[in-house]
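In: Give me the fold of what follows.
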Amino acid sequence: MRFPTRTIPALADVAKDISGPLPVGLLDDWAASTDRSHAAARLLLAPYRREGTVVSSDTAGLTRMTQERELLDVLWLVSEPMQILYAVGTAIGGHSVGVWEADNTEMLYPAGLSVDTIVDAMLEAQARIAEQTTVKVGMCVHAGVFYEIGGGLFGGDAQLVEELAENRAAGAEILLTNELVQRLLAPNEYTLTRRADLDAVHAAGTFSLRSARRMPMLRAAAALYPHPFPSEFFAMLRDPARRAAAAKVDGAGLPVVERFVVFVARKGAERSQTDLASVLDELLMNDRMNGIIEESLEGTAQLVGTTGGLAIVVFEQGRAAIAFARTVRERFRERLLPVSIGIDCGPVLLFAKGEGRAGTIAGDPINLSSKISEDLGEVGFIRITERAVLEAGGVDGGARFEAEISGVRICGLVL
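Out: Numbers count the residues shown, from 1 in each chain. The predicted structure is shown next:
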(Lines give C-alpha, C1' and ligand atoms only; values in the text may rest on other atoms or scores of the structure.)
Protein backbone atom coordinates (compact mmCIF):
# COMPACT_ATOMS: atom_id res chain seq x y z
CA MET A 1 0.00 0.00 0.00
CA ARG A 2 1.31 3.44 -0.92
CA PHE A 3 1.05 6.53 1.23
CA PRO A 4 1.22 9.64 -1.01
CA THR A 5 2.49 12.88 0.42
CA ARG A 6 -0.39 14.91 1.82
CA THR A 7 -0.13 18.65 1.30
CA ILE A 8 -2.54 21.56 1.41
CA PRO A 9 -2.41 23.98 -1.53
CA ALA A 10 -1.42 27.51 -0.58
CA LEU A 11 -4.29 29.95 -0.26
CA ALA A 12 -6.95 27.24 -0.16
CA ASP A 13 -9.06 28.28 2.80
CA VAL A 14 -9.76 24.73 3.96
CA ALA A 15 -10.64 23.35 7.35
CA LYS A 16 -8.39 20.33 7.33
CA ASP A 17 -5.30 18.97 9.01
CA ILE A 18 -1.88 19.89 7.75
CA SER A 19 -0.24 16.51 7.39
CA GLY A 20 2.51 14.68 5.60
CA PRO A 21 3.36 11.06 4.78
CA LEU A 22 1.81 8.57 7.17
CA PRO A 23 4.03 6.13 9.10
CA VAL A 24 4.70 3.00 7.06
CA GLY A 25 2.61 0.12 8.30
CA LEU A 26 0.11 2.07 10.40
CA LEU A 27 -2.78 1.70 7.97
CA ASP A 28 -1.68 -1.79 6.96
CA ASP A 29 -1.91 -2.87 10.60
CA TRP A 30 -5.34 -1.30 11.00
CA ALA A 31 -6.69 -2.68 7.73
CA ALA A 32 -5.54 -6.18 8.68
CA SER A 33 -6.85 -6.01 12.25
CA THR A 34 -9.86 -8.12 13.21
CA ASP A 35 -10.40 -5.93 16.29
CA ARG A 36 -11.55 -2.49 15.14
CA SER A 37 -12.48 -1.21 18.62
CA HIS A 38 -11.52 2.03 20.33
CA ALA A 39 -9.24 0.05 22.68
CA ALA A 40 -7.43 -1.61 19.78
CA ALA A 41 -6.98 1.74 18.04
CA ARG A 42 -5.64 3.29 21.24
CA LEU A 43 -2.94 0.64 21.46
CA LEU A 44 -1.98 1.10 17.82
CA LEU A 45 -1.84 4.88 18.24
CA ALA A 46 0.03 4.85 21.57
CA PRO A 47 3.41 5.80 20.00
CA TYR A 48 1.82 8.92 18.53
CA ARG A 49 0.03 10.12 21.69
CA ARG A 50 0.96 13.63 22.90
CA GLU A 51 -0.33 15.46 25.95
CA GLY A 52 -0.06 19.21 25.94
CA THR A 53 -1.54 22.41 24.57
CA VAL A 54 -2.26 23.23 20.95
CA VAL A 55 -2.69 26.66 19.41
CA SER A 56 -4.41 26.73 16.04
CA SER A 57 -4.91 29.89 13.98
CA ASP A 58 -6.63 31.05 10.81
CA THR A 59 -6.35 34.28 8.80
CA ALA A 60 -9.54 36.36 8.54
CA GLY A 61 -10.82 37.43 5.13
CA LEU A 62 -8.60 35.31 2.90
CA THR A 63 -11.23 34.77 0.20
CA ARG A 64 -11.80 38.50 -0.26
CA MET A 65 -8.05 39.20 -0.23
CA THR A 66 -7.46 36.76 -3.07
CA GLN A 67 -10.13 38.58 -5.09
CA GLU A 68 -8.89 42.11 -4.44
CA ARG A 69 -5.09 41.93 -4.30
CA GLU A 70 -2.15 40.69 -6.34
CA LEU A 71 -1.21 37.10 -5.59
CA LEU A 72 2.30 37.91 -4.37
CA ASP A 73 0.94 40.54 -2.01
CA VAL A 74 -1.61 38.09 -0.61
CA LEU A 75 1.04 35.45 -0.04
CA TRP A 76 3.16 37.96 1.86
CA LEU A 77 0.23 39.37 3.86
CA VAL A 78 -0.66 35.87 5.00
CA SER A 79 2.98 35.03 5.68
CA GLU A 80 3.71 37.96 8.02
CA PRO A 81 1.53 36.86 10.97
CA MET A 82 2.64 33.26 10.48
CA GLN A 83 6.25 34.31 10.99
CA ILE A 84 5.32 36.13 14.19
CA LEU A 85 3.34 33.17 15.53
CA TYR A 86 6.19 30.81 14.72
CA ALA A 87 8.85 33.03 16.29
CA VAL A 88 6.85 33.63 19.47
CA GLY A 89 5.77 30.00 19.71
CA THR A 90 9.24 28.53 19.35
CA ALA A 91 10.63 31.11 21.80
CA ILE A 92 8.50 29.65 24.61
CA GLY A 93 9.13 26.00 23.72
CA GLY A 94 6.51 25.03 21.14
CA HIS A 95 7.04 23.21 17.88
CA SER A 96 5.19 23.58 14.61
CA VAL A 97 2.88 20.89 13.30
CA GLY A 98 3.33 20.07 9.64
CA VAL A 99 4.03 22.44 6.78
CA TRP A 100 2.05 25.69 6.92
CA GLU A 101 0.83 25.78 3.35
CA ALA A 102 -2.49 27.58 3.63
CA ASP A 103 -3.36 30.45 5.97
CA ASN A 104 -3.58 28.13 8.98
CA THR A 105 -0.95 27.52 11.64
CA GLU A 106 -0.70 24.91 14.36
CA MET A 107 1.78 24.54 17.19
CA LEU A 108 2.05 21.98 19.98
CA TYR A 109 3.36 22.91 23.42
CA PRO A 110 4.55 20.29 25.96
CA ALA A 111 2.45 19.39 28.98
CA GLY A 112 5.13 20.71 31.33
CA LEU A 113 4.82 24.26 29.99
CA SER A 114 2.49 26.49 31.99
CA VAL A 115 -0.67 27.34 30.07
CA ASP A 116 -0.39 30.85 31.54
CA THR A 117 2.85 31.29 29.60
CA ILE A 118 1.19 30.08 26.41
CA VAL A 119 -1.82 32.39 26.76
CA ASP A 120 0.39 35.39 27.61
CA ALA A 121 2.57 34.63 24.60
CA MET A 122 -0.43 34.39 22.28
CA LEU A 123 -1.70 37.79 23.45
CA GLU A 124 1.77 39.14 22.78
CA ALA A 125 1.73 37.57 19.33
CA GLN A 126 -1.64 39.17 18.57
CA ALA A 127 -0.29 42.54 19.69
CA ARG A 128 2.74 42.21 17.42
CA ILE A 129 0.55 41.10 14.51
CA ALA A 130 -1.61 44.21 15.02
CA GLU A 131 1.46 46.46 15.21
CA GLN A 132 3.44 44.98 12.32
CA THR A 133 0.88 43.69 9.80
CA THR A 134 -2.47 44.60 8.24
CA VAL A 135 -3.95 41.12 8.66
CA LYS A 136 -6.11 39.80 11.49
CA VAL A 137 -5.81 36.27 12.79
CA GLY A 138 -8.26 34.28 14.88
CA MET A 139 -6.95 31.54 17.12
CA CYS A 140 -7.88 28.94 19.71
CA VAL A 141 -5.85 27.54 22.62
CA HIS A 142 -6.83 24.10 23.95
CA ALA A 143 -5.22 21.64 26.37
CA GLY A 144 -5.76 17.93 25.89
CA VAL A 145 -4.50 14.74 24.27
CA PHE A 146 -3.45 14.72 20.63
CA TYR A 147 -2.13 12.14 18.18
CA GLU A 148 0.73 13.41 16.03
CA ILE A 149 0.78 11.36 12.84
CA GLY A 150 2.63 12.19 9.65
CA GLY A 151 3.01 15.85 10.54
CA GLY A 152 -0.67 16.32 11.46
CA LEU A 153 -2.69 16.22 14.68
CA PHE A 154 -5.62 13.87 15.08
CA GLY A 155 -8.17 12.88 17.70
CA GLY A 156 -11.13 14.63 19.27
CA ASP A 157 -9.07 17.38 20.90
CA ALA A 158 -7.29 18.17 17.61
CA GLN A 159 -10.60 18.27 15.77
CA LEU A 160 -12.04 20.66 18.36
CA VAL A 161 -9.23 23.22 18.40
CA GLU A 162 -9.11 23.34 14.60
CA GLU A 163 -12.87 23.82 14.30
CA LEU A 164 -12.88 26.66 16.84
CA ALA A 165 -9.90 28.44 15.28
CA GLU A 166 -10.89 28.08 11.66
CA ASN A 167 -14.64 28.52 11.80
CA ARG A 168 -15.55 30.23 15.09
CA ALA A 169 -12.81 32.68 16.10
CA ALA A 170 -13.16 36.24 14.82
CA GLY A 171 -10.19 38.17 13.46
CA ALA A 172 -7.79 39.12 16.31
CA GLU A 173 -9.79 36.97 18.77
CA ILE A 174 -8.23 34.36 21.06
CA LEU A 175 -10.55 31.56 22.14
CA LEU A 176 -9.74 29.47 25.22
CA THR A 177 -11.49 26.20 25.94
CA ASN A 178 -12.69 25.41 29.45
CA GLU A 179 -10.10 22.63 29.68
CA LEU A 180 -7.41 25.26 29.18
CA VAL A 181 -8.98 27.80 31.54
CA GLN A 182 -9.15 25.23 34.34
CA ARG A 183 -5.37 24.85 34.16
CA LEU A 184 -4.55 28.55 34.53
CA LEU A 185 -2.32 29.08 37.57
CA ALA A 186 -3.36 32.73 38.00
CA PRO A 187 -6.95 32.89 36.67
CA ASN A 188 -7.54 36.32 38.19
CA GLU A 189 -4.99 37.78 35.79
CA TYR A 190 -7.29 37.06 32.83
CA THR A 191 -10.55 38.59 31.71
CA LEU A 192 -12.75 36.12 29.88
CA THR A 193 -16.17 36.23 28.28
CA ARG A 194 -17.99 32.98 27.73
CA ARG A 195 -19.02 32.39 24.13
CA ALA A 196 -22.39 30.82 24.88
CA ASP A 197 -23.06 30.64 21.14
CA LEU A 198 -20.35 27.98 20.96
CA ASP A 199 -21.82 25.66 23.59
CA ALA A 200 -23.30 23.55 20.81
CA VAL A 201 -19.78 23.07 19.45
CA HIS A 202 -18.12 22.51 22.83
CA ALA A 203 -20.50 21.94 25.72
CA ALA A 204 -17.76 22.24 28.34
CA GLY A 205 -17.43 25.92 27.44
CA THR A 206 -15.38 28.24 25.27
CA PHE A 207 -14.20 31.70 26.31
CA SER A 208 -13.02 34.79 24.47
CA LEU A 209 -9.88 36.29 25.99
CA ARG A 210 -10.41 40.00 26.71
CA SER A 211 -7.22 40.78 28.62
CA ALA A 212 -4.11 39.02 29.84
CA ARG A 213 -0.48 39.68 30.66
CA ARG A 214 1.58 40.51 27.59
CA MET A 215 5.22 39.48 27.19
CA PRO A 216 6.79 42.57 25.57
CA MET A 217 10.30 41.54 26.62
CA LEU A 218 10.04 38.13 24.95
CA ARG A 219 12.90 37.74 22.50
CA ALA A 220 11.46 35.95 19.52
CA ALA A 221 14.24 35.50 17.02
CA ALA A 222 13.20 35.89 13.39
CA ALA A 223 12.91 32.40 11.94
CA LEU A 224 11.25 30.98 8.87
CA TYR A 225 8.13 29.00 9.60
CA PRO A 226 7.85 25.64 7.77
CA HIS A 227 6.63 26.93 4.40
CA PRO A 228 6.31 24.87 1.19
CA PHE A 229 8.04 27.22 -1.26
CA PRO A 230 11.52 27.08 -2.85
CA SER A 231 13.98 29.13 -0.80
CA GLU A 232 14.70 31.61 -3.60
CA PHE A 233 11.00 32.32 -4.14
CA PHE A 234 10.40 32.88 -0.44
CA ALA A 235 13.40 35.21 -0.25
CA MET A 236 11.86 37.26 -3.07
CA LEU A 237 8.51 37.26 -1.27
CA ARG A 238 10.13 38.76 1.84
CA ASP A 239 11.78 41.58 -0.15
CA PRO A 240 9.24 44.39 -0.91
CA ALA A 241 11.27 45.77 -3.83
CA ARG A 242 11.74 42.38 -5.50
CA ARG A 243 8.10 41.48 -4.87
CA ALA A 244 6.89 44.71 -6.47
CA ALA A 245 9.23 44.27 -9.44
CA ALA A 246 7.98 40.73 -10.04
CA ALA A 247 4.37 41.89 -9.96
CA LYS A 248 5.05 44.74 -12.42
CA VAL A 249 6.40 42.39 -15.07
CA ASP A 250 3.39 40.13 -14.79
CA GLY A 251 5.13 37.29 -13.06
CA ALA A 252 8.20 37.21 -15.29
CA GLY A 253 10.71 34.77 -13.87
CA LEU A 254 8.04 33.09 -11.74
CA PRO A 255 6.27 29.80 -12.53
CA VAL A 256 2.94 31.53 -13.27
CA VAL A 257 0.75 29.44 -15.58
CA GLU A 258 -2.89 29.29 -16.63
CA ARG A 259 -4.48 26.12 -15.31
CA PHE A 260 -7.82 24.48 -14.63
CA VAL A 261 -7.97 23.38 -11.00
CA VAL A 262 -10.03 20.34 -9.95
CA PHE A 263 -10.61 20.21 -6.20
CA VAL A 264 -12.04 16.95 -4.80
CA ALA A 265 -13.39 16.80 -1.24
CA ARG A 266 -14.49 13.59 0.41
CA LYS A 267 -17.73 14.09 2.29
CA GLY A 268 -18.58 12.37 5.57
CA ALA A 269 -15.02 12.99 6.72
CA GLU A 270 -16.13 15.13 9.65
CA ARG A 271 -17.08 12.38 12.07
CA SER A 272 -16.13 12.90 15.68
CA GLN A 273 -12.63 11.66 16.40
CA THR A 274 -13.35 11.01 20.07
CA ASP A 275 -13.50 7.32 19.16
CA LEU A 276 -9.95 6.58 18.05
CA ALA A 277 -11.18 3.82 15.76
CA SER A 278 -12.79 6.55 13.66
CA VAL A 279 -9.42 8.30 13.36
CA LEU A 280 -7.86 5.25 11.75
CA ASP A 281 -10.98 4.57 9.69
CA GLU A 282 -10.81 8.10 8.27
CA LEU A 283 -7.11 7.78 7.46
CA LEU A 284 -7.77 4.47 5.74
CA MET A 285 -10.61 5.90 3.63
CA ASN A 286 -8.52 8.93 2.73
CA ASP A 287 -5.75 6.65 1.53
CA ARG A 288 -8.25 4.75 -0.62
CA MET A 289 -9.42 8.07 -2.03
CA ASN A 290 -5.83 8.95 -2.92
CA GLY A 291 -5.51 5.64 -4.76
CA ILE A 292 -8.60 6.37 -6.88
CA ILE A 293 -7.28 9.82 -7.77
CA GLU A 294 -3.86 8.50 -8.76
CA GLU A 295 -5.19 5.66 -10.88
CA SER A 296 -7.42 8.12 -12.74
CA LEU A 297 -4.60 10.44 -13.82
CA GLU A 298 -3.67 10.51 -17.49
CA GLY A 299 -2.44 12.89 -20.16
CA THR A 300 -1.30 16.27 -18.86
CA ALA A 301 -3.05 15.92 -15.50
CA GLN A 302 -0.81 16.86 -12.57
CA LEU A 303 -1.57 15.80 -9.01
CA VAL A 304 -0.32 18.61 -6.80
CA GLY A 305 -1.24 17.04 -3.49
CA THR A 306 -3.73 15.34 -1.22
CA THR A 307 -4.58 15.80 2.43
CA GLY A 308 -7.24 14.68 4.89
CA GLY A 309 -9.87 13.72 2.34
CA LEU A 310 -8.93 16.41 -0.19
CA ALA A 311 -7.16 16.23 -3.53
CA ILE A 312 -6.12 18.83 -6.09
CA VAL A 313 -5.33 18.11 -9.72
CA VAL A 314 -4.45 20.70 -12.39
CA PHE A 315 -4.97 20.59 -16.16
CA GLU A 316 -3.94 22.70 -19.12
CA GLN A 317 -7.26 22.09 -20.91
CA GLY A 318 -10.75 22.62 -19.52
CA ARG A 319 -12.35 19.69 -21.28
CA ALA A 320 -9.73 17.34 -19.86
CA ALA A 321 -10.40 18.70 -16.37
CA ILE A 322 -14.16 18.19 -16.71
CA ALA A 323 -13.71 14.69 -18.17
CA PHE A 324 -11.45 13.78 -15.24
CA ALA A 325 -14.01 15.11 -12.75
CA ARG A 326 -16.75 13.00 -14.33
CA THR A 327 -14.53 9.91 -14.32
CA VAL A 328 -13.49 10.12 -10.69
CA ARG A 329 -17.04 10.90 -9.64
CA GLU A 330 -18.19 7.59 -11.13
CA ARG A 331 -15.30 5.68 -9.59
CA PHE A 332 -16.06 7.09 -6.17
CA ARG A 333 -19.72 6.17 -6.60
CA GLU A 334 -18.78 2.59 -7.47
CA ARG A 335 -16.65 2.31 -4.33
CA LEU A 336 -19.20 4.04 -2.08
CA LEU A 337 -16.90 6.94 -1.21
CA PRO A 338 -18.92 10.19 -1.25
CA VAL A 339 -17.15 13.20 -2.76
CA SER A 340 -17.95 16.63 -4.15
CA ILE A 341 -15.90 18.37 -6.82
CA GLY A 342 -15.17 22.01 -7.67
CA ILE A 343 -13.48 23.38 -10.81
CA ASP A 344 -12.08 26.86 -11.46
CA CYS A 345 -9.40 28.28 -13.73
CA GLY A 346 -6.93 31.13 -13.90
CA PRO A 347 -3.28 32.04 -13.28
CA VAL A 348 -1.54 30.07 -10.54
CA LEU A 349 1.94 29.76 -9.15
CA LEU A 350 2.84 26.13 -9.69
CA PHE A 351 5.96 24.63 -8.11
CA ALA A 352 7.05 21.16 -9.12
CA LYS A 353 8.39 18.64 -6.65
CA GLY A 354 12.06 18.91 -5.94
CA GLU A 355 14.78 19.90 -3.47
CA GLY A 356 13.30 17.58 -0.89
CA ARG A 357 9.87 19.20 -0.97
CA ALA A 358 6.46 18.28 -2.27
CA GLY A 359 4.91 20.27 -5.07
CA THR A 360 2.68 23.18 -4.17
CA ILE A 361 0.37 25.64 -5.87
CA ALA A 362 -1.00 29.09 -5.04
CA GLY A 363 -3.61 31.36 -6.54
CA ASP A 364 -7.23 32.45 -6.52
CA PRO A 365 -8.45 29.37 -8.50
CA ILE A 366 -7.29 27.18 -5.61
CA ASN A 367 -9.38 29.10 -3.13
CA LEU A 368 -12.52 29.28 -5.29
CA SER A 369 -12.44 25.64 -6.35
CA SER A 370 -12.04 24.59 -2.72
CA LYS A 371 -14.89 26.86 -1.65
CA ILE A 372 -17.41 25.52 -4.16
CA SER A 373 -16.32 21.96 -3.45
CA GLU A 374 -16.30 22.11 0.36
CA ASP A 375 -18.74 24.88 1.26
CA LEU A 376 -21.30 24.38 -1.51
CA GLY A 377 -20.49 20.88 -2.60
CA GLU A 378 -23.11 18.18 -2.52
CA VAL A 379 -22.21 14.51 -2.70
CA GLY A 380 -21.94 13.33 -6.28
CA PHE A 381 -22.05 16.78 -7.89
CA ILE A 382 -19.48 18.81 -9.81
CA ARG A 383 -19.55 22.62 -9.57
CA ILE A 384 -17.76 24.68 -12.23
CA THR A 385 -17.26 28.43 -11.97
CA GLU A 386 -18.56 30.64 -14.75
CA ARG A 387 -15.10 31.63 -15.89
CA ALA A 388 -14.04 27.97 -16.08
CA VAL A 389 -17.12 27.19 -18.17
CA LEU A 390 -16.26 30.01 -20.59
CA GLU A 391 -12.58 29.09 -20.84
CA ALA A 392 -13.49 25.46 -21.46
CA GLY A 393 -15.64 26.50 -24.42
CA GLY A 394 -18.90 25.57 -22.75
CA VAL A 395 -20.19 22.52 -20.88
CA ASP A 396 -22.94 20.12 -21.92
CA GLY A 397 -25.87 20.05 -19.48
CA GLY A 398 -25.87 21.31 -15.94
CA ALA A 399 -27.90 23.81 -13.97
CA ARG A 400 -26.83 27.33 -13.06
CA PHE A 401 -25.90 28.14 -9.45
CA GLU A 402 -25.18 31.39 -7.62
CA ALA A 403 -23.89 31.76 -4.09
CA GLU A 404 -22.06 34.13 -1.80
CA ILE A 405 -19.12 32.72 0.16
CA SER A 406 -17.04 34.83 2.53
CA GLY A 407 -18.42 37.98 0.93
CA VAL A 408 -17.58 36.87 -2.63
CA ARG A 409 -20.30 36.18 -5.23
CA ILE A 410 -19.69 32.97 -7.17
CA CYS A 411 -21.74 31.61 -10.06
CA GLY A 412 -21.43 28.79 -12.56
CA LEU A 413 -22.84 25.37 -13.43
CA VAL A 414 -23.52 22.29 -11.31
CA LEU A 415 -23.40 18.90 -13.02
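In: Against E148, how distant is G155?
Out: 10 Å (CB to CB, to the nearest Å). In short, each C-beta sits where N, CA and C put it, glycine included.
In: scratch that, N367 is what I was asking about
Out: 28 Å.
In: neighbour count winner among the two?
Out: N367 (30 against 21; other CB atoms under 10 Å).
In: In which helix or strand does that one reside?
Out: helix 364-370 (DSSP states H and E).
In: chain center to that helix, what's the gap?
Out: Between the centre of helix 364-370 and the centre of its chain there are 13 Å (CA atoms, centre = their mean, to the nearest Å).
In: What of stretch 372-392?
Out: Distance, stretch centre to chain centre, for stretch 372-392: 20 Å (CA atoms, centre = their mean).
In: What pLDDT is listed against T360?
Out: Model confidence at T360, given as pLDDT, is 80.
In: Not counting its neighbours along the chain, what's nearest it?
Out: P228 (4.1 Å; CB to CB, 6 or more residues apart in numbering).
In: Shouldn't the one you found be within a helix?
Out: No: P228: not assigned to a helix; according to DSSP: H, G, I helix; E, B strand; the rest coil it is coil.
In: I figured it hits A102, correct?
Out: No: counting by CB atoms under 8 Å, P228 does not reach A102; the two are 9.7 Å apart.
In: Looking at those two, which one has more neighbours?
Out: Taking other CB under 10 Å, P228 and A102 do not tie; A102 has more neighbours (28 against 21).
In: any idea where the strands of the stretch 301-415 of the chain begin and end?
Out: 302-307, 310-315, 339-351, 360-362, 382-385, 399-405, 408-414 (DSSP state E, counting those that start in this stretch).
In: in whichever strand or helix holds M107, what's buried?
Out: Remark: M107 resides in strand 104-110, with elements defined by DSSP H and E. The neighbour-count check on strand 104-110 (16 or more other CB atoms under 10 Å) flags 104-109 as buried.
In: got it, and stretch 162-178?
Out: So stretch 162-178, judged by 16+ other CB under 10 Å, has buried residues 162-166, 168-169, 173-178.
In: The chain - how does it break down into domains?
Out: 37-211, 256-414 (automatic domain parsing).
In: chain center to the first one: distance?
Out: Looking back up the chat, that one is domain 37-211. 13 Å.
In: Please apply the same query to stretch 370-377.
Out: That offset, for stretch 370-377, works out to 14 Å (CA atoms, centre = their mean).
In: And the pLDDT at the residue nearest to T360?
Out: For P228, pLDDT reads 83.
In: Apart from its neighbours in sequence, what residue is nearest R383?
Out: I372 (4.3 Å).
In: can you tell me how far that neighbour sits from G342?
Out: Applying CB to CB to I372 and G342 gives a distance of 4 Å.
In: List of residues touching the strand holding M107?
Out: Applying CB atoms under 8 Å, 6 or more residues apart in numbering, the contact partners of strand 104-110 are 8, 18, 50, 52-59, 82, 85-86, 89, 92-98, 100, 118, 146, 148, 153, 162, 165-166, 225.
In: Within the sheet, what are the partner strands of it, with directions?
Out: strand 49-59 (antiparallel), strand 95-96 (antiparallel) (DSSP bridges).
In: Can you name every helix or strand that the very next helix or strand once past that strand contacts?
Out: Sequence order places helix 115-132 as the next helix or strand after strand 104-110, per DSSP H and E. Packed against helix 115-132 by the contact rule (3 or more CB pairs under 8 Å, 6 or more residues apart in numbering; DSSP states H and E) you find strand 49-59, helix 71-91, strand 137-149, strand 174-177.
In: Only the buried residues of helix 115-132, if you could.
Out: 115-126, 128-129.
In: orientation of that helix relative to strand 49-59 in degrees?
Out: On the basis of axes from the mean of the first three to the mean of the last three CA atoms, to 10 degrees, helix 115-132 is oriented at 20 degrees to strand 49-59.
In: what about helix 115-132, average pLDDT?
Out: On average, helix 115-132 scores 96.
In: next one: stretch 261-273
Out: 78.
In: Now do the helices in the stretch 201-350 of the chain.
Out: All helices of the stretch 201-350 of the chain, identified by DSSP state H, counting those that start in this stretch, fall at 231-238, 240-248, 276-295, 318-334.
In: And for the last one, what's in contact with it?
Out: Spelled out, that is helix 318-334. Residues contacting helix 318-334 (CB under 8 Å, 6+ apart): 260-262, 264, 289, 292-293, 296-297, 299-301, 313, 315, 338-339, 341, 343, 345, 380, 382, 384, 388, 391-393, 395, 415.
In: Count the neighbours of the closest residue in space to L113 that isn't next to it in sequence for me.
Out: Of all residues not flanking L113 in the chain, G93 sits nearest, at 5.3 Å (CB to CB, 6+ apart). Neighbours of G93 under the rule other CB under 10 Å: 14.
In: so what's G93 up against?
Out: Applying CB under 8 Å, 6+ apart, the residues near G93 are 109-110, 113.
In: Any figure for the gap between L224 and A87?
Out: Taking CB to CB, one finds L224 at 10 Å from A87.
In: likewise W76?
Out: Taking CB to CB, one finds W76 at 16 Å from A87.
In: what about the residue nearest to R383, neighbour count?
Out: 30.
In: How about G98?
Out: Count around G98 with other CB under 10 Å applied: 22.
In: element containing it, please.
Out: Judged by DSSP H and E, G98 forms part of no helix or strand.
In: right, and the strands paired with strand 104-110 - which one's nearest M139?
Out: Minimum separation from M139 across the strands paired with strand 104-110 (CB to CB) falls at strand 49-59, 4.0 Å.
In: average model confidence for that closest one?
Out: Mean pLDDT, strand 49-59: 96.
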